[in-house]
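Asker: What shape does this take:
(chains A and B)
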There are 2 protein chains.
Amino acid sequence: MGGTLVPPPLIYPTYNYIKIFTPTTSRRRLYSLRPVRSSAAVETLPKTDTALLEKSINTIRFLAIDAVEKANSGHPGLPMGCAPMGHILYDELMGYNPKNPYWFNRDRFVLSAGHGCMLQYALLHLAGYDSIKEEDLKGFRQWGSKTPGHPENFETPGVEVTTGPLGQGIANAVGLALAEKHLAARFNKPDSEIVDHYTYVILGDGCQMEGIANEVCSLAGHWGLGKLIAFYDDNHISIDGDTEIAFTESVDTRFEGLGWHVIWVKNGNTGYDEIRAAIKEAKTVKDKPTLIKVTTTIGYGSPNKANSYSVHGSALGAKEVDATRNNLGWPYEPFHVPEDVKKHWSRHVPEGAALEAEWNAKFAEYEKKYKEEASELKSIMSGELPAGWEKALPTYTPESPADATRNLSQQCLNALAKVLPGFLGGSADLASSNMTLLKMFGDFQKNTPEERNLRFGVREHGMGAICNGIAHHTPGLIPYCATFFVFTDYMRAAIRISALSEAGVIYVMTHDSIGLGEDGPTHQPIEHLASFRAMPNILMLRPADGNETAGAYKVAILNSSGKSYPNFQELPLKEWKRVVTLYQIILRAADELRKEGKAVRLVSFISWELFDEQSNAYKESVLPEAVTARVSIEAGTTFGWEKIVGTKGKAIGIDRFGASAPAGKIYKEFGITAEAVVAAAKALC
Amino acid sequence: MGGTLVPPPLIYPTYNYIKIFTPTTSRRRLYSLRPVRSSAAVETLPKTDTALLEKSINTIRFLAIDAVEKANSGHPGLPMGCAPMGHILYDELMGYNPKNPYWFNRDRFVLSAGHGCMLQYALLHLAGYDSIKEEDLKGFRQWGSKTPGHPENFETPGVEVTTGPLGQGIANAVGLALAEKHLAARFNKPDSEIVDHYTYVILGDGCQMEGIANEVCSLAGHWGLGKLIAFYDDNHISIDGDTEIAFTESVDTRFEGLGWHVIWVKNGNTGYDEIRAAIKEAKTVKDKPTLIKVTTTIGYGSPNKANSYSVHGSALGAKEVDATRNNLGWPYEPFHVPEDVKKHWSRHVPEGAALEAEWNAKFAEYEKKYKEEASELKSIMSGELPAGWEKALPTYTPESPADATRNLSQQCLNALAKVLPGFLGGSADLASSNMTLLKMFGDFQKNTPEERNLRFGVREHGMGAICNGIAHHTPGLIPYCATFFVFTDYMRAAIRISALSEAGVIYVMTHDSIGLGEDGPTHQPIEHLASFRAMPNILMLRPADGNETAGAYKVAILNSSGKSYPNFQELPLKEWKRVVTLYQIILRAADELRKEGKAVRLVSFISWELFDEQSNAYKESVLPEAVTARVSIEAGTTFGWEKIVGTKGKAIGIDRFGASAPAGKIYKEFGITAEAVVAAAKALC
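Answerer: This is a model prediction of the structure:
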């Protein structure tokens, strides 16, 4: 084996019971207060007549049809069937400001059936959002457009969250509604409902079948999220055909069991007043979320493809587009918005500006009366971190008592909750194991929504996706969530959306690897670290002692807030004696090698991603290229470690599932020992 | 850059729209027919008197208490609360043969609340299973014992499936009940119900909260699995305390909505006749699964800890064990089984042998009358593959028309279904995209359960776990399941159990990477290949053309059946021109380099795991150590590729999320091009 000119480093990752990770580089837009403007600009328009209403609805349908046709790719069926409820939502119901998609008190809309995104793009276009111009509709699903194949909040202002993977959107909507209820409870006053909006969501049969939807709807019922109104597009068609082949449950009955108010609109195609009445009824129910089951025809208007799976996920084709134009009496060119429709929708820009202006005036009043609350709410709305917040994080010295990092983590969480007004979170029924309770707060519950400990029950997937919704509600809300690291397998789809959509959720994942001991291989993560190191936009942090834990939280909070974080510093090696298991192994091994006259360097690999971002000079100072005698040790798969130890190095790890036994015994049996490190190091130099 | 003595290979993985993977090396026990034995050995025992019944139930409780106490780790609460239903199931109700845990027609039992495994270990011990002797109880949760911290089928004969991660067990039970219904429909005759057993499952509040449970219970209701009887241990306690904090839905109403028959046993602690009556009623309902909600007291009998979370997951402690002994009037030493209890249970060994013998006699009759069916059923029971089965797989020549591997995959699936009587499967509402329909069969439905196409709806997680149940029902059942590769994120927890429990499920995962094009980053897997390469016990196979696809299925079937598979052969390079995208890129790059006089070797990396298993000589012949100028290209993360290309090589891949645009455009923008390969290769040599 090649000799070395400089001392062989032993490389090992920081290790213990906590992984903290957070999607990188939030691009979330910051809210800024605008000057108060008069609401005089709003005209009171006459109630839309039915002919114009239907023309507007057909405009939505044909914008979707035309965009999918031009892209020769996409899902026309849902927009055609849901255009009526879409119209009523965006034209008659929702409060929003097209020119400031991030206005704090807007109603939120989520298209959980994200494949039908042309519905939302058409609506944003008609409403006057700058993000969706005619050329964006024409660029549907093309490189660099604002109109990707599924709704992406980071591409398209006006889109609240990233949906497409089914069930995620309804979960995000629960998170948005939770955030509203929480902030309203904290900041509203008898004389000023400064936080007051609804969350609307459209979900389809596919969302309903996904387990995550049941998880979060159970929680929404439990929490009594009365301002969450979900439209269930009951069209009886999924990709493989009629839902009869796999979905014959009574959704209504199930939702009644979940504690929802349920309304059935039998004619979602043309029953406009039925839809309106349902929403009106939903708003009268304050203590329960409402499910409005809207029976629609997928691809409504297409004479030969409506009500069939063929209209779900592909372009109608020129012939059927013509037939549909004939059938619905639509004489216009592709992408044409008739003038009267355009004129009708044009009021939303001034109305939206007025809405925001009114609210700003209200907030100015509020600020005068409730200075402290207003300041806190402003901090949450803007996402600006309070000055000096990081000083709240604990610091430790070599004299500090040794402790498990999950306990150290709890000290950090509690310290942060004191200084970050938008910091809240919880665990999937493992708070007492994950050590994630905020001691100064009670539980967020139906009747105590001002509190900040979230109790998710055993619903990991729903938990992650709800946190995505909370994070995307308002820049200053920083949610964290927790479970055993192995159960990230249950919530991986939500974590991926966190990463992709730059939600900045902080995942506090405890109980790593064979250290879990007696619970056995079903509970011992082996491949999980590697699997997240491989995922884009994730900062995986593995602190091992108090200061590393505090540092990890500092990086996570900065990153969650879209701030850059500091570079690595040389680590205070002397402190490492206070930590456990793997550290003890590596320190013993180093002592042993040094006794034999070997020069040894220990490197703690807290984060591969952060290391990658450092300067070449720093990297060379830590891992000199000339030193090829490298040994890594990690209580997990060796997959990927070749990158660090190189072709001539040795990675010690676990490339099999774990076992049920006391932790120390498994370490020994699996060869995660000081002896193994010493032997590997000696073999290399 | 180091020069090379031999031609620089270009390394790239086989690539296209299909990933097939399967857990490695099944250790599933094979069924063997036993000689017919007389049932005269069965004594008719008098009905248990209540005193003896309660003594037996307390025996179960104290075996659990004592084992957890000795291990100082584990979950005593559930066994203490569920001992009555456990007793009734194993002592009064279920048909099984303790001396042959793999007897085909046994009733199946699944403890979905796997943390309560001492309940099952105690029952298996009392019933006379050889796997759980007294020393195994004393070795609870210790290295090498048959009594790991959660039930593991691969460790403990008598345990049907591997549970612990919540919700998996109820899903497995649905798979077991599906398998029974399917086989019964195919093989039963008016004069002989040769397949006829129940599937029982105990699930707790935690399982009920998990989304996967709702997915599979919706399917169980849809399929009308009348012989599935689930006991819901309604004890109102989870780890974080009372279920009131996160779980207040009406489970009864939800299950009615799911199409289940629901019964409530209000006194699960001492209402023995109530439990019996509920089961009797459940058996009369033939067209629906039954949920028996059994209200129990967690930790029943413990005077100070019952009905609290403190009894859920840790030892009672010596003092409370004494108090419980006093409270329940239990004067015995730890691990003691009173003689009258022992005597009472002792009948199960002869009774079980008689049951199997009776069934064997019945089967012998059946075989005489229905030779062909009997032979097919025997093949399914034994797991022996029919001679020459692999000849059914298609072969291709360079003249065969080019096709997407998902279409080639469908040819293989259909070929296999003709020769493998236990081959069945389906997709999560993407059959028409995954190309997984078996054309000669109809859909497995409530009234056509003899068919083999499974329609899972949009329920990926449930699908994987149901397939685990099917696979563990009987060695010759080989289930496959399918969705888009990216949605393995939804089902990763089930796939991990496939791998750990050696289920041999075949996952047919289509639509890889940016090739998905317009659907965008939510639908484009980037990190997924790496994440499964990192998972133990998974064979990840990436065929690229017809012969590679057929070869991948051959390996998967052999592996699923616990057979060894052949070593790699040199691949027929000339055929690669028939495949698409990445292959065209690499072939163009190779042509380019060869034109410039470079010697180039192309290596198709179908499977990292299989390559690792080859001889050093073979590996050296493919990747000579002296050749350090190695370029890999894969439309996914480069994470892990250092292992193959070495420190001096270059990995071309995608280390960010994808984008929404036509596939060709994204390939170009992301630099997955022939030009990039050529440039990388030139830079290296």
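Asker: which stretches of chain A aren't confidently modelled?
Answerer: For chain A, applying pLDDT under 70 flags the ranges A:1-48, A:565-581.
Asker: domains for it, by residue range?
Answerer: Here the domain parsing of chain A from automatic domain parsing is A:4-13+A:581-683, A:18-27+A:383-511+A:545-576, A:39-356.
Asker: Can you check which of those domains gets nearest to B:Y366?
Answerer: B:Y366 lies closest to domain A:39-356 among these, at 32.6 Å (CB to CB). Glycine gets a C-beta too; all of them are placed from N, C-alpha and C.
Asker: want to throw the domains of chain A into CSV with distance to B:K283 and mean neighbour count?
Answerer: Below are the domains of chain A laid out as CSV (distance: least, CB to CB, whole Å; neighbours: other CB atoms under 10 Å in any protein chain shown):
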stretch, distance to B:K283, mean neighbour count
domain A:4-13+A:581-683, 36, 19
domain A:18-27+A:383-511+A:545-576, 30, 22
domain A:39-356, 23, 22
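Asker: To chain B, which of the ones you listed lies closest?
Answerer: Nearest of the domains of chain A to chain B, taken as CB to the nearest CB: domain A:39-356 at 2.3 Å.
Asker: Now for the most centrally placed residue in chain A, which secondary structure element holds it?
Answerer: Geometric centre of chain A, nearest residue: A:N468, 2.5 Å, by CA atoms, centre = their mean. Using DSSP states H and E, A:N468 sits in helix A:460-473.
Asker: got CSV for the domains of chain A, with distance to B:N434 too?
Answerer: CSV is the format used below for these (distance: least, CB to CB, whole Å):
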stretch, distance to B:N434
domain A:4-13+A:581-683, 27
domain A:18-27+A:383-511+A:545-576, 18
domain A:39-356, 10
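Asker: Which among those domains is found nearest to B:A404?
Answerer: Evaluated with CB to CB, the domains of chain A place domain A:39-356 nearest to B:A404, the distance being 16.4 Å.
Asker: And that closest one, how far out from the chain middle?
Answerer: 20 Å (CA atoms, centre = their mean, to the nearest Å).
Asker: So what would you say the end-to-end distance of stretch A:330-339 is?
Answerer: End-to-end span of stretch A:330-339 (CA to CA, to the nearest Å): 14 Å.
Asker: And stretch A:313-323, by the same measure?
Answerer: Start-to-end, stretch A:313-323 (CA to CA) is 18 Å.
Asker: does stretch A:107-122 come close to chain B?
Answerer: Yes. Stretch A:107-122 comes into contact with chain B (CB under 8 Å from any CB of the partner chain), by way of A:G114.
Asker: I meant to write stretch A:678-685 there.
Answerer: No. Stretch A:678-685 lies out of reach of chain B by CB under 8 Å from any CB, never closer than 14.6 Å.
Asker: Restricting to C-alpha, output that stretch in CSV.
Answerer: The C-alpha trace of stretch A:678-685 is given here as CSV (Å, rounded to 0.1, in the frame of the first residue of the first chain):
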residue,chain,number,x,y,z
VAL,A,678,-6.3,0.3,14.2
ALA,A,679,-5.9,-2.7,11.9
ALA,A,680,-7.2,-0.8,8.9
ALA,A,681,-4.9,2.2,9.6
LYS,A,682,-1.9,-0.1,10.0
ALA,A,683,-2.6,-1.9,6.8
LEU,A,684,-2.6,1.4,5.0
CYS,A,685,0.8,2.7,6.2
